[in-house]
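Student: Need the 3D shape of this:
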Amino acid sequence: MRKITLLALLAGFFTLNLQAQEQGIIRATAGLAYGTEISEVGINIGGEYLITDNISGGLSYTSFFVPDPLSFSSFN
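Tutor: Numbers count the residues shown, from 1 in each chain. Modelled structure (predicted):
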């Protein structure tokens, strides 16, 4: 439990989140991730484009620190 709490706090401190609320603006994000099924730490990066005030499109990628990173990664 202490590890999860520590990782959550570190993820909060090391998360970069650039935000804007105007259309045509791009947001970039980066942070830490924790895979509960594999018990490993990873990193994530992403971006979002604000089309209108209520509509946006985005991508994100998460990769975990394991010997074969392609088997434990996520692209959304």
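
Student: surely residue 66 meets residue 38?
Tutor: Yes: contact criterion CB atoms under 8 Å: residue 66 and residue 38 qualify, at 6.7 Å. No exception for glycine: its C-beta is placed from N, CA and C like everyone else's.

Student: residues shared between the contacts of the two?
Tutor: Common contacts of residue 66 and residue 38 (CB atoms under 8 Å, 6 or more residues apart in numbering): residue 72.

Student: low-confidence ranges in the chain?
Tutor: Confidence mapping of the chain against pLDDT under 70 gives the ranges 1-3, 6-23, 69-71.

Student: the helices in it, which residues?
Tutor: Here the chain has its helices, by DSSP state H, at 2-14.

Student: isn't residue 42 right up against residue 36?
Tutor: No: with contact defined as CB under 8 Å, residue 42 does not reach residue 36; the gap is 11.6 Å.

Student: Which of those two has more residues huddled nearby?
Tutor: Taking neighbours as other CB atoms under 10 Å, residue 42 and residue 36 compare with residue 42 leading, 19 against 7.

Student: any idea how far the residue nearest to residue 64 when sequence neighbours are not counted is from residue 48?
Tutor: Among residues not flanking residue 64 along the chain, residue 42 sits closest, at 3.5 Å (CB to CB, 6 or more residues apart in numbering). Distance from residue 42 to residue 48, counting by CB to CB, to the nearest Å: 20 Å.
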